[in-house]
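1. sequence unavailable; structure follows:
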């Protein structure tokens, strides 16, 4: 249990998808103008990552790895389908994103309209794919580890976009030089937040 807690905390603060790896910056910069829309997109990303990472873990373990299909027949023990990882991971992510889009459109049309094109673009959000690829690279041994990592990574991305959105809302009342208004100050703010999150690397896990 302690090991799972360590993975969870590390994926949120130390290996934050935005502030440590700068993944998913397109939708992060575009949507982080208001806390309300940022919260909606953050929840959608949490849901997608919490589902896709464990599903891709099972797919990787029982279908894609060298010898993974030996449970079907011993003759498949030498079969290696790992070259299909990218396309299979993206297919799972696209499916989950479509499900999230339909749910949001049905139950919160205002949020759906606010997010606009960035909701279906979760399917090509590199932070979502990055979660599955990091899971594969780190070779988590159990489904629980992969699930906790996916959930923590999603929460970390949501925490990043909501915190930056809150600051950007306050910056509207600040006297910012014209050349830095909008994306300019957002890039500077993201860099400073990334430096701030580096302090969490001192946490002993």
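-> Good, I have the coordinates. Quantities reported herein were computed from a predicted structural model and do not represent experimental measurements.
2. low-confidence ranges, this structure, go.
-> Scanning the chain for pLDDT under 70 picks out 204-205.
3. which helix runs longest in it?
-> Criterion DSSP state H: the longest helix present in the chain is helix 143-171.
4. tell me which other helices or strands it touches.
-> On a contact count with 3 or more Cβ pairs under 8 Å, 6 or more residues apart in numbering; DSSP states H and E, helix 143-171 meets helix 2-9, helix 25-31, helix 35-59, helix 126-138, helix 183-197. The way it works is simple: take the backbone N, C-alpha and C, and place the C-beta from them, glycine included.
5. just put these in TSV and tack on mean neighbour count and distance to residue 104.
-> Formatted as TSV, the helices and strands packed on helix 143-171 follow (neighbours: other Cβ atoms under 10 Å; distance: least, Cβ to Cβ, whole Å):
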stretch	mean neighbour count	distance to residue 104
helix 2-9	15	26
helix 25-31	20	13
helix 35-59	22	7
helix 126-138	21	16
helix 183-197	15	24
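6. residue 146 is nearest to which of those?
-> Using Cβ to Cβ as the measure, helix 35-59 is the one of the helices and strands packed on helix 143-171 that comes nearest residue 146, at 3.7 Å.
7. can you give me the angle that closest one makes with helix 126-138?
-> 30 degrees (axes from the mean of the first three to the mean of the last three Cα atoms, to 10 degrees).
8. so which elements touch helix 35-59?
-> For helix 35-59, the elements it packs on are helix 25-31, helix 85-107, helix 109-115, helix 126-138, helix 143-171, judged by 3+ Cβ pairs under 8 Å, 6+ apart.
9. so what secondary structure elements neighbour the third one?
-> Okay, so that is helix 109-115. Judged by 3+ Cβ pairs under 8 Å, 6+ apart, the packing partners of helix 109-115 are helix 35-59, helix 85-107.
10. for residue 203, which of the ones you listed is the nearest?
-> For these, the distance to residue 203 is smallest for helix 35-59, at 21.7 Å, taking Cβ to Cβ.
11. pipe the helices and strands packed on helix 35-59 into a markdown table and attach distance to residue 62 per row.
-> As requested, those are exported to a markdown table (distance: least, Cβ to Cβ, whole Å):
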| stretch | distance to residue 62 |
| --- | --- |
| helix 25-31 | 31 |
| helix 85-107 | 12 |
| helix 109-115 | 34 |
| helix 126-138 | 13 |
| helix 143-171 | 11 |
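12. any idea which of those helices gets closest to residue 12?
-> Between residue 12 and the helices and strands packed on helix 35-59, the shortest gap by Cβ to Cβ is with helix 143-171, which sits at 4.1 Å.
13. centre of the chain to that closest one, how far?
-> 8 Å (Cα atoms, centre = their mean, to the nearest Å).
14. re the thing from before, what's the closest of the helices and strands packed on helix 109-115 to residue 26?
-> Evaluated over the helices and strands packed on helix 109-115, closeness to residue 26 peaks at helix 35-59, with 11.6 Å, by Cβ to Cβ.
15. which SSE is residue 78 in?
-> Using DSSP states H and E, no element contains residue 78; it sits outside every helix and strand.
16. quick one: the residue of the chain most remote from its centre from residue 67, how far?
-> The outermost residue of the chain, judged against the average C-alpha position, is residue 75 (37.2 Å), by Cα atoms, centre = their mean. Computed as Cβ to Cβ, to the nearest Å, the residue 75 to residue 67 distance reads 11 Å.
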